[in-house]
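> Provided below are the primary sequence and the corresponding predicted coordinates.
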Amino acid sequence: MSVSDFEVVIGLEVHAQLLTRSKVFCGCSTEFGGEPNAHTCPVCLAMPGALPSLNQRVVEFAIRAGLALGCTVRRKSVFARKNYFYPDLPKGYQISQYELPICEGGSVPIRGGEKAIRLNRVHVEEDAGKNLHEVSADKSSGVDLNRAGVPLLEIVSEPDLRGVDEAIEYLKSLRAILMYLGVNDGNLEEGSFRCDANVSVRRRGEEKLGQRSEIKNMNSFRFLRQAIEYEVDRQVEVVESGGKVKQETRLFDPDRGVTRAMRSKEEAHDYRYFPEPDLPPLVVDDGFVEQLRRSVPELPAARASRYQKVLGLSAFDAQVLTAERAVADFFDAALAAHGGGAEAAKKVANWVTGELARLANETGTSPQDWKVTPPKLAAIVKLVEAGTVGGPGAKQLVEEVFRHGGEPSEVLVTKGLAQVSDEGAVELAVEKVLSANPGEVEKYRNGKKNLLGFFVGRIMKEMKGKGNPLVVNALLKKKLGD
Amino acid sequence: MSSSVRELLDVPLVELSEALEKKRISSAEVTAAALDRIERTDGSLGAFLKVTPERALAQAAAADQRAARGERLGRLDGVPIAIKDIFVTKGIETTAGSRILAGFVPPYDATVVERLDGAGAVMLGKLNMDEFAMGSSNENSAFRMCHNPWDLARTPGGSSGGSAAAVAARQVFGALGTDTGGSIREPASFCGVVGIKPTYGRVSRYGVIAFASSLDQVGPLARTVGDAAALLQAIAGRDERDMTSSARPVDDYGASLEAGTRGLTIGVPREWLEAGIEAGVASRMREALAAYERMGARIVEVSLPHTRYGIAAYYIIAPAEASSNLARYDGVRYGLRQRGCPGLAEMYGETRREGFGAEPKRRIMLGTYALSAGYYDAYYLRAQKVRTLLRRDFDRAFEHCDVLAGPVSPTVAFRLGEKVSDPLTMYLADVFTVTCNLAALPGLSVPCGLDPDGMPVGLQLIGRPFDEGTLFRVARALEREQGPLPGPGGIAP
């Protein structure tokens, strides 16, 4: 028996911090970093007498996310207290949602939309603070409550994932959707997009699910893969040796690449959930939901599909363009400015995924900051189509405008980037090169046809790269007597 | 104390206010007199946990300056009051009657404190209470005993014992308390003062140290109905920081105060008359009802069939919510922290063991049990369903009457130490008051005479949601009819 005789079943629980400016139950800033406890108030410090006040923006973000994920939005949902003691949980309970969450059902597409991973629920809750250990000279621990009260969206999938590849795809797809909506920044390392995995194995063909364990503390896709793969191997070994997988929570240790059962507690957590008496039930009406539905943009999967089916772009191009909403929006706008169809789409896509991507990476900028705006890119594409500028010239033009701004048609002139198509000028250059290289001309005429490239190269150099290749080629061949 | 000063402290709040308005007296004078009275009497009475004389005199001086400029902020401007130590006061120690918060100085004010400040009231200090508002006799205060001004050997009631005692003893002209299962009404009736628990949501709970979130309400205790109405007027209304507070506009409580009871119907719940009530209490109640009939009200019998489940439902819901609300007292961020513990669990355990008294511990355990896995449905959920049935009882009763009337407590103030050893007996005394909190209705206690031993008896009136105006009106009618109670004899002037 080996691992391949087993099927891996995974369910994922994602906690995504919502990008609202304030916390979910008070007006404190959600800004990351800052002096410990700088972003706190009586409410998120759980001072005696403090009460929660619900941030409406959080509700809007949650509903938009639920709509984008195809969930049913409950018109009435209820907050609940999840009770347990820990220093980073100042009230001694977390305000979450239990029996009546704001969203239910829905799904996340993977494999280009071929498979839909079902969601169980999406609900709102507050984040806890952070315990920091050995912060002082006396090795005492400190509690930083800046993060306490930051709004979280908890997204729970059904155990539909089969294998770690699907798990990674699911997370990337979900993350892209949330980033598209602007509700989450997708940062695994900083902890604003967190994932716990429920993993179990079963012999292929078996219907019953195996006992699952919960894996925590995986804060990158790489660690996630490592952790799940380790856990699968571990569980298979347990089963094969006749043992039983324990239902437990295991922490991933990134230094050793293993999962470890958390130190056993004397008693399992009984969270004693009950409806939060300090918050009335959350009631949203149809009008509110519909308004939010209209604000959901074309999502990555749908957009990528459109790029391929309607515009004929490759799957790879579609994927690259839709990876970030700002880039896809830029592409759409540039294409619209150009007015062209599938042919223009390919050209625009090449510029976006090629030169613009390169320049963006170098300067660390996003499409909203680019001096090459969508209309300007469209203009440059048209200049190339018209033959006004050649390939290399166009590259230079894009870079010029990107770094220094300006109108493409003007920069073309001031920087002398225009292509030379004038036959007279080209002929001069051709003759100059041919007369300077009589030996090669002889060899060419005697059959060494691959010397064409050599001549073209020299001519282009002579013309400082501005020769119109079509004209150069035609005149060159004529002069060579082809 | 000179008789004129005694007279000064004897008048109702609204009369004092008028005197301040007419500049017949200054806030500084009356505040000094009140502080003097506190100093002379509180050693034996125990109403205050903390007196803040300098702050009070500064507030009084500011009030006098406003009065001189003709810019009094309203009826409460310059009036000496005090508040239960359950309200957080910025820069002033707030303990909720518990050692676990000894030395805790809040960085913010409760909303009702802000509103009283904004009205110019002069706060003399923080009043004694049962720890975390858990109790009916003030005997659960971790700091000191509070006594009934009518008989120092008896309890003032609880949990707002200090509030009722301070008002009755003429130390202050009004006080704020809180009521979760009767903690304003019962001490008010034991001390012969007026106390009202408004409709749930009428007054903000922001800054009120929480006991049971779905039951707690803030309310005034005062010498007369008019005084209580004036205090409620100043603190009622929506607060954005308390999402359970109501946006419903606040009525003008003075508008129908003197309208009398002609044409009103008063319902008396049959189940309440069947319960064991002390003879003295029963007699005063019957007389009050007779007085109402003379005044033109109609008395009818109504039924609240689920009354007998009230205590059980209350003593599941309140401790359950309390067990969660008291979790934050863990020694991490404020209050008591036991030092020298080997680890976190020990620190939690030792801090809470040391810091909480017996009653909070009892209720935390009860509440935790009622919420725990396997028991939630049978206890907490079921109790909430009973709550709905109780509310329906009241709604149906109000189809036949405008207010309900009955006793506040089966007895008058009992002796200190009498019930302390049997918590269950203490709990059972709440039978008339808890259903009002469970049903989220307004409830008021107005003095209706003395029993044969000279101890005050309170009449309870319960109204429709947000109908505090009718409660004041009906209570005022009785007050006018029977005249004011004599002052308590227990406290020497």
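Alright, I've got the coordinates. Source: prediction; values computed, not measured. Residues are numbered from 1 along each chain as shown, chains lettered A, B, ... in the order given.
> ranges for the strands of the stretch 101-250 of chain A?
Here the stretch 101-250 of chain A has its strands, by DSSP state E, counting those that start in this stretch, at A:103-104, A:107-110, A:115-126, A:130-132, A:142-144, A:151-157, A:161-162, A:193-203, A:213-216, A:249-253.
> among these, which comes closest to chain B?
With CB to the nearest CB as the measure, strand A:142-144 is the member of the strands of the stretch 101-250 of chain A nearest chain B (6.4 Å). All C-beta atoms are positioned from the backbone trio N, CA, C, and that covers glycine.
> same for the closest one, what does it pack against?
Other elements packing on strand A:142-144 under the criterion 3 or more CB pairs under 8 Å, 6 or more residues apart in numbering or on different chains; DSSP states H and E are strand A:130-132.
> before we move on, back to that, in CSV, list the strands of the stretch 101-250 of chain A along with mean pLDDT.
Shown next, in CSV, are these (pLDDT from 0 to 100):
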stretch, mean pLDDT
strand A:103-104, 98
strand A:107-110, 94
strand A:115-126, 97
strand A:130-132, 92
strand A:142-144, 94
strand A:151-157, 98
strand A:161-162, 96
strand A:193-203, 95
strand A:213-216, 94
strand A:249-253, 93
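> tell me which residues of stretch A:57-73 are tucked away?
By neighbour count on 16 or more other CB atoms under 10 Å in any protein chain shown, the buried set for stretch A:57-73 is A:57-69, A:71, A:73.
> contacts for it?
Stretch A:57-73 is contacted from outside by A:18-22, A:24, A:102-108, A:119, A:121-124, A:151, A:153, A:155, A:174, A:177-178, A:180-181, A:183, A:282, A:284, A:288-289, A:292-293, A:295-296, A:299, using CB atoms under 8 Å, 6 or more residues apart in numbering or on different chains.
> if we go to 7 Å?
A:18, A:20, A:24, A:102-108, A:119, A:122, A:124, A:151, A:153, A:177-178, A:181, A:183, A:282, A:284, A:289, A:292-293, A:295-296, A:299 (CB atoms under 7 Å, 6 or more residues apart in numbering or on different chains).
> count the residues that sit near the nearest residue to A:Gly257 once chain neighbours are set aside.
For A:Gly257, ignoring the flanking residues on the chain, the nearest one in space by CB to CB, 6 or more residues apart in numbering or on different chains is A:Gln226 at 5.3 Å. Look at A:Gln226: counted by other CB atoms under 10 Å in any protein chain shown, it has 19 neighbours.
> I'd say A:Gln226 and A:Arg256 touch.
No - the pair A:Gln226 and A:Arg256 fails to qualify as a contact (CB atoms under 7 Å) at a distance of 10.1 Å.
> picking that back up, got TSV for the strands of the stretch 101-250 of chain A, with mean neighbour count too?
As requested, those are arranged in TSV below (neighbours: other CB atoms under 10 Å in any protein chain shown):
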stretch	mean neighbour count
strand A:103-104	21
strand A:107-110	22
strand A:115-126	21
strand A:130-132	15
strand A:142-144	18
strand A:151-157	23
strand A:161-162	20
strand A:193-203	21
strand A:213-216	19
strand A:249-253	18
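> for B:Thr89, find the nearest of these.
B:Thr89 lies closest, by CB to CB, to one member of the strands of the stretch 101-250 of chain A: strand A:142-144, at 25.6 Å.
> okay, now the sheet partners of that closest one, with direction.
The pairing partners recorded for strand A:142-144 under DSSP bridges are strand A:130-132 (antiparallel).
> run the chain-centre distance for the strand it pairs with.
Centroid separation for strand A:130-132 versus its chain: 28 Å, with CA atoms, centre = their mean, to the nearest Å.
> with stretch B:45-61 instead?
Distance, centroid of stretch B:45-61 to centroid of chain: 20 Å (CA atoms, centre = their mean).
> measure it end to end?
28 Å (CA to CA, to the nearest Å).
> tell me the buried residues in that stretch?
B:45-53, B:55-57, B:59-61.
> from those, which ones fall inside strands?
Mapping the buried residues of stretch B:45-61 onto strands (DSSP state E) picks out B:Phe48, B:Leu49, B:Lys50, B:Val51.
> ok, and which of those reach chain A?
Among these, no residue is within reach of chain A (CB under 7 Å from any CB of the partner chain).
> contacting residues around whichever residue of chain A sits closest to chain B?
Residue nearest to chain B within chain A: A:Gly92 (2.5 Å; CB to the nearest CB). Shown in contact with A:Gly92 (CB under 7 Å, 6+ apart): A:Asn83, A:Phe85, B:Ala327, B:Arg328, B:Asp330.
> relative to B:Met365, how far out is the residue nearest the centre of chain B?
Geometric centre of chain B, nearest residue: B:Ile184, 2.3 Å, by CA atoms, centre = their mean. If you measure B:Ile184 against B:Met365 using CB to CB, to the nearest Å, the figure is 26 Å.
> the closest residue in space to B:Ala255 that isn't next to it in sequence: neighbour count?
Among residues not flanking B:Ala255 along the chain, B:Gly469 sits closest, at 6.8 Å (CB to CB, 6+ apart). B:Gly469: 19 surrounding residues under other CB under 10 Å.
> and the residue of the stretch 1-150 of chain B closest to chain A?
For the stretch 1-150 of chain B, CB to the nearest CB, closest residue to chain A: B:Val88, 4.6 Å.
> once you drop chain neighbours, what's closest to that residue?
B:Val88's closest residue in space is B:Pro106 (CB to CB, 6+ apart), at 3.8 Å.
> so the one you found, which of the three states?
coil (DSSP: H, G, I helix; E, B strand; the rest coil).
> report how many residues lie close to it.
For B:Pro106, the count of nearby residues is 24 (other CB under 10 Å).
> hang on, it packs against B:Thr95?
No - applying CB under 7 Å as the test, B:Pro106 and B:Thr95 come out as separate, 10.4 Å apart.
> mind listing what A:Leu18 touches?
Counting by CB under 7 Å, 6+ apart, A:Leu18 has contacts A:Val58, A:Phe61, A:Pro151, A:Leu152, A:Leu153, A:Val183, A:Asn184.
> between which two of those is the distance greatest?
Largest pairwise distance in those, by CB to CB, is 12.2 Å, between A:Val58 and A:Asn184.
> not counting its neighbours along the chain, what's nearest the most centrally placed residue in chain A?
For chain A, A:Ala176 is the residue whose C-alpha lies nearest the centre (CA atoms, centre = their mean; 4.1 Å). Nearest residue to A:Ala176, sequence neighbours excluded (CB to CB, 6+ apart): A:Pro300, at 4.6 Å.
> endpoint to endpoint, stretch B:211-220 covers what distance?
Terminal-residue distance, stretch B:211-220 (CA to CA): 18 Å.
> can you get me a residue count around residue 204?
Picked chain A for this. When neighbours are counted by other CB under 10 Å, A:Arg204 registers 8.
> wait, I meant chain B there
By other CB under 10 Å, 25 other residues sit near B:Ser204.
> what does the one 4 residues further on give?
Each residue near B:Val208 was counted by other CB under 10 Å, and the total is 28.
> the stretch 1-150 of chain A: helices as residue ranges?
Under the criterion DSSP state H, counting those that start in this stretch, the stretch 1-150 of chain A carries helices at the ranges A:56-68.
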